[in-house]
Structures are given as structure tokens and as C-alpha cells.
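Student: I need the structure of the sequence given here:
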Amino acid sequence: MFADDNDARKLDDNENIDVDKELEASFNAWKSKTYALTVPLKVVALRGSIPPSWIKDFINSQGKRMKFKVKYHESLESIFSDLSIPFTKENHGPTSTLAADIVGIGDSWLKFAIKKAIIEPIQDVEDKEWFKSLAEKWKVYLRRNSEGEMDPEGDIWAAPYRWGCMVIAYKTNNFRNHKLAPIEDWADLWRPDLAGRISMVNSPRDVVGAVL
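Tutor: So this is what the prediction gives:
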């Protein structure tokens, strides 16, 4: 949420962030498996969201015949905008976002992409080994209706690829210099004396979560 340095203070996530350890453990176990791929793969993702080591391990697991291309964007909003461009022969080149097999738009943009019909659900996944091995708790988030809302009877629209949490970080020396009380809770972000001094992530869902 905030840029920090060696003099930064991070609130203990055990006290402020309710992380489902079972969900995290099942995801880590699931993502460690490899599955054979039989077709070329084009991926569009947020820059920095796919570690180089993942790409290397993936290519090594698939063999030398693997055809794999990744195109990076600086923001999820940029990916969403590219997907929203009307389809034409001119903008459907091999390097365009519209030609991608997989796009990383994040959970925050998934609902809008589904509702706008700019992505398609993943077909015939029920019998795929990678899907069957995914914990049911995760599948709840992947099943959506045509409005992008979670629906136990909906199609599968996504697959998780990373897990994390938000923290609060700030420079303690700046707070001391301005005689500001330390931040000890998410509610402190709405203190009047911090108005105009807070930077938040560009995600409505995360902001609402912090407010609640």
C-alpha cells in the first residue's frame, strides 16, 4: 500500500489481516504441480506478476517444443482496455492482447470483464486434472454468472496463480517529525490528521475491504 524502507513499520498481519491458512496451503500445494501442454500458449499479464523463475520452470517442464510467449502491461487497467477494443482484422495480430489464450486481469477486474463479455469461460475443465486437484474453497471464487457475480452453478472463468495480502507500511521518522501518532489499525487510515497523506492501491475491492 505504501512505499517503505529500512525505517518502515509494518503492522503485524496476524492481528490485522485474517488470512485463511487452509486456503493458502491448498493453493501452494496446487500450484507446485505441473501439467502437460499440447498447444502453443500466448499470455498477457501485469508486469512483475510472473516471476522469471516460473517461466523457466514451466518451459523446462514442457520440453523444447513448447511455444510460449508473454506480453506484459504496466497496469491491469491497460489489459482491460485492450480487451475492450472492438475486434477487427487490423487489431487481431499475433502480438495483440485480443489474440492471447490467457490474460491476467486480477480478481478486481474479473467481474467487469465477464459482464462486458470481453473474455470467455474456460471450457471443459471439470475433468481436467489441474481443476480437480484445486480445493473447493478456491472454486467458489472461480464460478461466476454472466454478470460476473459468484454463482455455484456458474461457469469457470479463471484460475488462481498467486496469493498474497496487503499490509500498512510507513516511515516512522516522518511521523515523529510531524508529531503524528503511529498507525495501529486499518481504521487509522481515516484519521483527519492523515487526510491527503495516504496512498491506496488502485483496487475498489481492496479499499472497501480496508474500510470494513
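
Student: tell me which residue lies nearest the centroid of this structure.
Tutor: Centroid-nearest residue in the chain: residue 106, 3.6 Å away (criterion: Cα atoms, centre = their mean).

Student: that one touches residue 46, doesn't it?
Tutor: Yes: judged on Cβ atoms under 8 Å, residue 106 makes contact with residue 46 at a distance of 7.2 Å. C-betas here are computed from N, CA, C, even on glycine.

Student: what sits in contact with each of these two?
Tutor: Common neighbours of residue 106 and residue 46 are listed as residue 76 (criterion: Cβ atoms under 8 Å, 6 or more residues apart in numbering).

Student: and the protein, what are its domains?
Tutor: Split into domains by automatic domain parsing, the chain comes to 8-17+168-211, 34-156.

Student: go through these and name the closest to residue 26.
Tutor: Comparing these by their distance to residue 26 (Cβ to Cβ), the top pick is domain 34-156, with 3.8 Å.

Student: got the end-to-end distance for stretch 45-63?
Tutor: 22 Å (Cα to Cα, to the nearest Å).

Student: now stretch 129-144
Tutor: 21 Å.

Student: got the buried residues for that stretch?
Tutor: 131, 134, 138, 142-144 (16 or more other Cβ atoms under 10 Å).

Student: strands - which of the residues you listed land there?
Tutor: Among these, the members falling in strands (DSSP state E) are 143-144.
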